[in-house]
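Engineer: Provided below for reference: sequence and predicted model.
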Amino acid sequence: MLIRFTVENFLSFKERVDFSLIASPDTHFKHHVVKDDNNPEDIGVLRTSVIYGANASGKSNLINAIDFAKRLIIKGVDKNKNILIKKFKLDRSCLDKPSRIEFEFKCQEKQYAYGFVVNEASVYEEWLFEIGIHKEIAIFERQEKNINFNFESDLLKNISEDEKQRLSYEAKSTRNNLLFLTNTIEREIIYFNPISEWFDKSLVVLFPKNKDFPSIHELFASEVGREDIFLNKLSELLNFFDFDIKIGANNIELSKNDIIPDYVKKMIHSDFSHDEENFKLFLPSFNTVIFKKESELFSKELFSWKNDSSGDSVRFEIREESDGTQRIINLIPMLLQLGSGDYTFIIDEIENSLHTLLINKIFDYVLNHDSIKGKTSQLIATTHDVLLLNTNNLFRKDEIWFVEKNKQGASRFYSLANADIEELDLVKGYLKGRFGAIPLFKNTMSENE
């Protein structure tokens with residue numbers, strides 16, 4: 001779970017700004033907070049957050065900063081290549097300063113702070129600490145080429161002397177433009193796997209046209225052989241969101257599939273394993289999975305069906321559904337993973353192609369549905385949907401954040417955590433500029449409204 005994200009001198013963030021999921025003392029909706037009351041060091045963390053702001057205020061820049069850091073950690077930078085850092089441009093002095101990013105997060109019942117200071121050519125600083133309410137224990141600290149380890153820390157205390165020497169050697173050989181954490185991935189230094197895997201697998205960033213996250217069709221491909229359970233889950237979710245459709249799957253002999261061209265069929269026949277009975281191949285261009293059954297190749301794909309006025313079932317291709325229906329279907333893999341626990345999903349512009357009531361229903365599902373309620377998963381989203389500003393039935397005050405730019409073009413964040421809003425119409429107050437973070441137009445609303 002993400003506890004806090006800090007960024008400085010990156011895109012529209014000139015000074016250091018914090019986006020925090022640390023729960024305030026507010027007792028409203030206690031089940032929105034994940035905290036181990038038996039652990040005095042455990043930090044209470046919120047399960048959801050929504051971020052508001054005008055266009056070009058910095059909402060998407062927050063998501064871009066998180067995505068940049070994730071990719072830098074997991075993918076790294078090639079030798080002799082620059083780090084593609086995007087500094088704050090509206091103050092020339094910032095162009096000569098490095099950028100700073102830090103994550104605080106929960107991982108495998110521990111809490112960590114990992115961050116780095118970089119410019120285009122090299123890593124100036126890098127650190128990893130185990131943290132708590134009253135605890136801050138260094139695991140490693142880097143100052144340019146010098147990396148010092150704390151072999152008394154829980155993460156490293158059980159390694160052998162040979163492994164300590166290897167760790168020191170790998171630290172010294174880490175390139176100037178490479179994060180040490182990235183080097184541990186490349187060099188298969190397993191002690192840091194919980195940290196790198198949190199960034200790689202648990203932290204998921206989705207943009208409106210994101211293609212990196214598996215689609216419902218790809219997820220279905222992995223479930224072939226046990227698809228009945230999977231299809232039942234899909235139908236249950238669609239029923240929760242009041243969609244009057246059901247999802248099914250067909251089996252067609254590959255040779256009889258009229259959608260897949262003959263040259264593709266020939267390539268499939270030449271590539272599939274004759275000896276592997278569980279052979280499966282996903283074709284993203286056709287949203288189809290190829291599998292083997294009794295030595296024959298079949299294609300299987302999802303379809304939707306509805307009842308017509310006579311009560312008869314009518315089949316539709318998924319691509320024939322409305323944009324909103326396709327959008328919620330493509331968000332189902334996220335909802336299923338949130339239900340499995342220990343995922344943090346960060347979505348830019350969650351309202352894309354979705355009705356406001358449907359967005360409300362998504363957060364209601366994440367916060368209150370029995371399959372997810374109490375899990376260590378998070379859903380964080382930027383939005384313009386003012387109807388989500390509901391602290392009576394949906395969110396706590398500390399789950400609602402705003403971002404706006406000052407006169408110098410620098411973004412800043414603030415939440416409703418300490419605001420006195422109990423007697424206030426939040427939607428009306430927001431649109432009138434009570435909380436800032438809106439476009440500045442003249443005469444947008446009459447004061448008498």
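Structural biologist: Received the coordinates, thanks.

Engineer: contacting residues for K209?
Structural biologist: Counting by C-beta atoms under 8 Å, 6 or more residues apart in numbering, K209 makes contact with nothing. The way it works is simple: take the backbone N, C-alpha and C, and place the C-beta from them, glycine included.

Engineer: Could you pull out the buried residues of the strand ranked longest in the chain?
Structural biologist: Of all the segments assigned as strand in the chain under DSSP state E, the longest by residue count is strand 296-307. Applying a neighbour-count criterion of 16 or more other C-beta atoms under 10 Å, the buried positions in strand 296-307 are 297-302, 304.

Engineer: What of stretch 5-20?
Structural biologist: Within stretch 5-20, the residues scored as buried using 16+ other C-beta under 10 Å are 5-14, 17, 19-20.

Engineer: out of these, who's nearest I66?
Structural biologist: Taking C-beta to C-beta as the measure, I66 lies nearest F5 of those, at 6.2 Å.

Engineer: Can you list the residue ranges for helices in the stretch 1-150 of the chain?
Structural biologist: 59-75 (DSSP state H, counting those that start in this stretch).

Engineer: the strands in it, which residues?
Structural biologist: Taking DSSP state E, counting those that start in this stretch to define them, one finds strands in the stretch 1-150 of the chain at 2-8, 17-20, 33-34, 45-46, 48-52, 99-107, 110-118, 123-131, 136-143, 146-149.

Engineer: Would you mind giving the domain segments of this protein?
Structural biologist: What automatic domain parsing lists as the domains of the chain is 1-208+348-449, 216-323.

Engineer: looking at these, which is buried most?
Structural biologist: Most buried of the domains of the chain by mean neighbour count (mean count of other C-beta atoms under 10 Å) is domain 1-208+348-449; its value is a mean of 17.

Engineer: how about low-confidence regions in the stretch 301-449 of the chain?
Structural biologist: Applying pLDDT under 70 to the stretch 301-449 of the chain picks out residues 353, 391, 420-449.

Engineer: need the helices for it, in chain order.
Structural biologist: With DSSP H, counting those that start in this stretch applied, the stretch 301-449 of the chain shows helices at 323-340, 356-368, 426-431, listed in chain order.

Engineer: Dump the ones you listed to CSV, plus distance to F68.
Structural biologist: Formatted as CSV, the entries for these read as follows, by distance: least, C-beta to C-beta, whole Å:
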stretch, distance to F68
helix 323-340, 21
helix 356-368, 26
helix 426-431, 29
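
Engineer: right, so of the ones you listed, which gets closest to Y414?
Structural biologist: Evaluated with C-beta to C-beta, these place helix 426-431 nearest to Y414, the distance being 13.0 Å.

Engineer: thinking again about what came up before, by mean pLDDT, show me the worst of the domains of the chain.
Structural biologist: Of all the domains of the chain, mean pLDDT reaches its minimum on domain 216-323 (a mean of 80).

Engineer: now it, how far from the chain's geometric center?
Structural biologist: With C-alpha atoms, centre = their mean, to the nearest Å as the basis, domain 216-323 stands 27 Å off its chain's centre.
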